[in-house]
Structures are given as C-alpha cells and as structure tokens.
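Asker: Just the structure for this:
(one chain, ligands or ions: 3)
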Amino acid sequence: MTLLLKGVRPYGEDAVDLLVSDGVIAAIGADLSTTAETIDATGLVLLPGLVDLHTHLREPGREDTETVLTGSRAAALGGYTAVHAMANTDPVADTAGVVEQVWRLGHDAGLVDVVPVGAVTVGLAGERLAELGAMADSAARVRVFSDDGKCVSDPALMRRALEYVKALDGVVAQHAEEPRLTVGAQMHEGERSARLGLTGWPAVAEEAIIARDVLLAEHVGARLHVCHVSTAGSVELIRWAKSRGVQVTAEVTPHHLLLTDAQAEGYDATFKVNPPLRTAEDVAALRAGLADGTIDAVATDHAPHAGEDKECEWSAARPGMLGLEQALSVVVDTMVETGLLTWREVADRMSVRPAQIGRLEHQGRPIAVGEPANLVLVDPGARAVVDPAALASKSRNSPYAGRELPARVVHTLLRGELSVLDGKVQK
Ligand SMILES: NC(=O)N[C@@H](CC(=O)O)C(=O)O
Ligand SMILES: [Zn+2]
Ligand SMILES: [Zn+2]
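Answerer: Ligands and ions are numbered 1, 2, ... in the order given. Model prediction:
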C-alpha cells in the first residue's frame with residue numbers, strides 16, 4: 001500500500017510531502033506526486049506514533065471495563081502506535097502463557113502494538129519472583145516488568161528482581177508506594193485531606209521507595225523505571241540519582257501534569273487515583289522535571305473502571321482514570337502552549353524515550369526515509385470539549401469531562417496502514 005501525505009509539518013517545523021510505501025517512509029520532499037491515495041494534510045503536525053509505557057487494558061478478567069480491542073481503539077485515537085499493557089489483570093500476567101495471550105489479542109486487533117508488561121512477583125503478591133526469563137523469551141518478548149497497582153515493597157525481593165532484569169536487558173517499573181504509610185489512604189495528605197476528612201496519602205510514601213530503589217539500582221547496576229511520579233520531592237530524588245549516573249528513568253501522567261488535589265472538593269470519585277492528585281507546587285515541579293528531562297516520559301496510566309466502582313462513595317471507589325484519548329491534548333495544554341516543550345520534545349517524551357525504555361526497536365524512530373511509518377498527524381489549532389460518552393474506551397471515568405482541550409489527532413498510521421483516518425478508528 002502507498003499513501004502520500006501532502007503538506008505535513010514534521011515536529012511542527014517546515015511543511016513537506018511524505019510518501020509512505022510498504023510500511024516505511026519512502027520519500028520526503030517538496031511537491032511529491034503519486035498515482036496512489038493522497039491525503040491533504042496541510043498544516044498538520046507530524047510526529048512519530050506515540051508509545052505508552054503504562055496502560056491498563058483489563059483483559060483477561062474485566063472485559064466489561066476494557067478489552068485489548070477497545071483499549072487499542074482508544075490508543076489509536078489518541079495517536080499511539082504502541083502501548084505497554086500492565087500486568088494487573090485476572091489472571092495476572094505472570095507467566096509466558098498469559099503474556100503471549102495478551103500479545104496475540106493485540107496482534108489480532110491490529111491497531112497498535114500491544115506490548116505486555118510481565119509481573120515481577122507471582123500473582124502480584126510480593127512474595128516470590130515470577131518467571132521473568134520465560135516471559136522475556138516468549139513471543140511477547142517482555143522487557144518491562146512491573147507489579148503496578150502494588151509496590152514491590154520487600155527490598156530483598158526488589159534487589160533480586162533488579163538482578164534478574166539486568167541479565168534480560170529489562171527494567172523494573174516500580175509503583176512507588178510504601179504500603180505501611182498508605183493504609184486506608186484516599187487522597188493527598190495535606191491541609192485539604194484533613195478538612196475533607198479523608199485519610200491522607202503522604203508524599204513521603206512515594207519518595208521513600210524511590211530513594212531506596214535508586215540506591216538498589218545503583219548497587220546492582222540495573223535499570224529502574226519509576227511509574228507515575230507525583231511529587232516535587234520525587235523529581236528532586238530522580239534528578240540527584242541521574243547526576244550520580246544511576247540508570248533510572250521516570251514517567252509522569254497527563255493528569256498529574258494538569259490536575260490538583262482541589263479536585264477532591266466535590267467528592268467526585270472520578271478524581272480518585274493512585275498516586276493521588278497533588279498540590280499546585282507539585283504540578284509545577286513535574287512540568288519543570290519533564291521539560292528539563294529529569295522525567296523521561298509521559299505515560300497515561302489509562303485505568304478504566306466500571307460505573308459501579310466510580311459512581312459511589314469516595315472511600316469505596318477504585319482508584320484510576322482514563323487517559324489514552326486525551327493524553328496528547330493535555331500535554332499540548334500544559335507543556336506546549338505554556339512554552340515548556342517544543343513539538344520535537346513532545347515526540348521525545350511521548351514516543352522516542354518510552355520506546356527506548358521499553359526496548360521497542362521499531363517505534364519512536366526518526367521521521368526519515370527508510371524508517372517504519374508509525375506516525376501521528378495532529379491538528380494543533382483544533383479545540384474540543386471532552387464528552388465521555390463519545391470515547392472509544394469501554395469505561396467512562398474521564399477526569400477531563402466537560403473540559404476544553406487543544407489539539408486533535410486527525411490520522412494515525414501503524415506500519416503505513418491508517419489505524420485512524422480523519423478522527424475515525426478504522427477497525
Ligand atoms: N492508577 C490507579 O489508580 N489505578 C491503577 C493501578 C495503578 O496504576 O497503580 C489501576 O489498575 O486501576
Ligand atoms: Zn501504579
Ligand atoms: Zn497503573
């Protein structure tokens with residue numbers, strides 16, 4: 001299949017034509033022509049397809065809230081060409097059999113590369129290591145291991161996991177939460193939690209684990225990735241560890257870049273999430289950390305939940321919120337329109353770096369002749385109000401409902417095939 005994209009702006013820079021053929025970028029230049037299909041893409045920003053390090057797809061186990069197919073649709077509509085599917089499914093993705101099943105479902109859906117994350121411990125129970133080597137050697141080629149949803153809190157087990165993944169060229173993605181400090185926690189611990197009468201989740205519960213883990217990663221010489229960094233103190237610790245040469249990378253979610261604990265005022269459990277929304281000072285530090293590269297990547301932590309698990313009393317609700325379909329818009333709102341990131345840096349934080357961290361060879365590549373045509377085209381000037389009913393996800397727990405956000409994903413290409421055409425998913 002051959003496709004000509006007319007007038008695109010790679011990384012938001014000067015307009016060119018781009019010819020895609022047989023899954024790769026075949027030519028880039030002025031006034032290209034073809035007898036094949038042509039798309040007028042005048043003024044659209046062209047980026048490498050986005051890569052998510054942190055997606056919850058809920059299959060197997062909670063197909064009522066998301067499946068690999070519906071999550072793949074949401075991802076493609078968000079401009080993604082690859083997503084890492086977290087292991088906290090039912091059954092847990094802690095064996096080669098389960099990760100291969102998820103990988104195959106993603107392959108059959110055919111909209112994005114679904115890259116399974118393997119659990120660190122059997123059943124996420126934090127007691128003994130899962131079969132990391134067998135998952136790495138499986139058809140799913142797992143390189144990212146995580147007990148996300150739970151912290152690998154036992155330091156001896158964390159050390160052993162780091163030693164194992166080092167031999168596999170893998171990485172442990174840690175959900176940094178000291179469980180003894182967050183018993184019953186409902187929201188960020190501070191003045192507001194005291195006033196609202198909700199048990200606090202203190203910043204130190206995250207920071208204590210990050211401090212421990214960067215020292216363990218340094219001791220072992222292994223790669224550590226920190227999931228959903230949420231506090232200013234965490235940014236400081238990661239900056240310090242990187243300055244020492246520790247092989248640590250980190251991600252921030254769109255919701256932690258935009259929203260604060262003030263959202264808890266209305267007791268609307270849509271805004272209950274783990275780690276919790278923090279203060280405006282934390283948000284500013286996260287934006288600065290993403291801008292200066294201390295935080296490597298934006299990852300969605302897309303966490304679909306059923307209505308009955310969200311439309312209930314705050315303390316009974318499950319934590320987590322949707323992210324895939326609005327992630328780029330939130331990054332444009334918080335980082336591009338504020339002058340903190342260029343489009344090229346958006347490509348770095350949302351595609352290049354996450355692909356490198358996950359060891360995905362064919363994703364996050366430069367826009368250049370011969371490279372795989374995993375691409376997203378964005379209308380930077382479009383603005384729209386988010387309507388949860390219009391989302392492709394099976395769940396409705398979007399924290400952006402009713403909010404106007406900039407930038408619209410117009411087309412997405414996976415290996416040269418349109419997964420999204422004019423804002424419509426193709427499968
Ligand atoms: N982020 C959340 O609040 N929830 C996630 C788990 C997790 O990312 O810790 C989920 O699986 O629902
Ligand atoms: Zn988590
Ligand atoms: Zn998560």
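
Asker: Name the nearest residue to the residue in the stretch 151-300 of the chain that ligand 2 sits nearest to, sequence neighbours excluded.
Answerer: Residue nearest to ligand 2 within the stretch 151-300 of the chain (C-beta to the ion): His175, separated by 3.6 Å. All C-beta atoms are positioned from the backbone trio N, CA, C, and that covers glycine. Nearest non-adjacent residue to His175, counting by C-beta to C-beta, 6 or more residues apart in numbering: Asp148, 4.6 Å away.

Asker: Also Pro304?
Answerer: Computed as C-beta to C-beta, 6+ apart, the closest residue to Pro304 that is not its neighbour in sequence is Ser395, at 3.4 Å.

Asker: how many neighbours does that neighbour have?
Answerer: 27 (other C-beta atoms under 10 Å).

Asker: For ligand 1, give me its nearest residue in the stretch 151-300 of the chain.
Answerer: Nearest residue of the stretch 151-300 of the chain to ligand 1: Asn274, at 3.5 Å (C-beta to the nearest ligand atom).

Asker: What about that residue, how many residues nearby?
Answerer: Asn274 sits with 18 neighbouring residues when counted by other C-beta under 10 Å.

Asker: Name all residues that make contact with it.
Answerer: Listed by C-beta atoms under 8 Å, 6 or more residues apart in numbering, the contact set of Asn274 reads 149, 175, 177, 201, 319-320.

Asker: Around ligand 1, pick out the residues from the stretch 101-250 of the chain.
Answerer: 148-149, 175 (C-beta under 6 Å from any ligand atom).

Asker: Arg223 and Thr249, how far apart?
Answerer: To Thr249, Arg223 is 7 Å away according to C-beta to C-beta, to the nearest Å.

Asker: quick one: common contacting residues for these two?
Answerer: Joint contacts of Arg223 and Thr249 (C-beta under 8 Å, 6+ apart) are Val171.

Asker: Which positions within stretch 305-325 qualify as buried?
Answerer: By neighbour count on 16 or more other C-beta atoms under 10 Å, the buried set for stretch 305-325 is 305-306, 309-310, 314, 317-325.

Asker: for stretch 266-284, same thing?
Answerer: Neighbour-count burial for stretch 266-284, counted by 16+ other C-beta under 10 Å, picks out 269-279, 282-283.

Asker: pLDDT on stretch 231-251, on average?
Answerer: Mean pLDDT, stretch 231-251: 99.

Asker: Could I get the buried residue list for that stretch?
Answerer: By neighbour count, and taking 16+ other C-beta under 10 Å as the criterion, the buried residues in stretch 231-251 are 231-235, 237-239, 241-242, 246-251.

Asker: Just give me the closest of those to ligand 3.
Answerer: For the buried residues of stretch 231-251, the nearest to ligand 3 is Glu251 (10.2 Å; C-beta to the ion).

Asker: With adjacent residues omitted, what lies nearest to that closest one?
Answerer: Ala299 (3.8 Å).

Asker: Same check on Asp113?
Answerer: Nearest non-adjacent residue to Asp113, counting by C-beta to C-beta, 6+ apart: Ala82, 4.0 Å away.

Asker: Which helix or strand contains that neighbour?
Answerer: In this assignment (DSSP states H and E), Ala82 forms part of strand 80-85.

Asker: now Ala161
Answerer: helix 155-167.

Asker: So which of the buried residues of stretch 305-325 are in helices?
Answerer: Using DSSP state H, no member of those falls in helices.

Asker: helix, strand or coil for Ala407?
Answerer: Three-state call for Ala407 (DSSP: H, G, I helix; E, B strand; the rest coil): strand.

Asker: Give me the local confidence score for Glu308.
Answerer: At Glu308, the model reports a pLDDT of 98.

Asker: Same question for the one 3 residues further on.
Answerer: In the prediction, the pLDDT value recorded for Glu311 is 97.

Asker: Next: Met1.
Answerer: 86.

Asker: Quick one: residues contacting it.
Answerer: Applying C-beta under 8 Å, 6+ apart to Met1 gives the contacts 21-22, 36, 416-417.
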